[in-house]
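> next comes the sequence, and after it the predicted model I'd like to discuss.
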Amino acid sequence: MHNLPKTLRTARRKVYGRAPWNPEGQAYDEAYCAFAVINKSGYEYQCFRKNGHGVAKLYCQQHAKIVKMKLKRK
């Protein structure tokens, strides 16, 4: 399981999509959901939906539900 940002500070340190062809990855964009989505090829990228829900308002409505369930399990 990848790290789920719980504060804006931790989200700002998040980097998505590090790979051999993209060693620096992509920095967190505050306008979008902080959830890391993994496509069929195994490449990780930031969700492109608008944030405003869930923990610290970092997630879209769909991923806020997933994050809430995962945090309850801990």
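That came in fine, so what should we check first?

> which residue ranges of this structure form strands?
Using DSSP state E, the strands of the chain run over 15-16, 26-27, 36-38, 44-46.

> contacts for the last one next, please.
Outside of strand 44-46, the residues within contact range by CB atoms under 8 Å, 6 or more residues apart in numbering are 2, 16-18, 26, 28-29, 32-39. Where you see a C-beta, it was placed from the backbone N, CA and C, and this is true even at glycine.

> can you tell me which of those are classed as buried?
If you count burial by 16 or more other CB atoms under 10 Å, the buried members of the contacts of strand 44-46 come out as Y16, G17, Y28, Y32, C33, A34, F35, A36.

> roughly how far apart are G42 and Y16?
Applying CB to CB, to the nearest Å, the value for G42 to Y16 is 13 Å.

> surely A19 and Y43 touch.
Yes: the pair A19 / Y43 is scored as a contact, 6.6 Å apart, by CB atoms under 8 Å.
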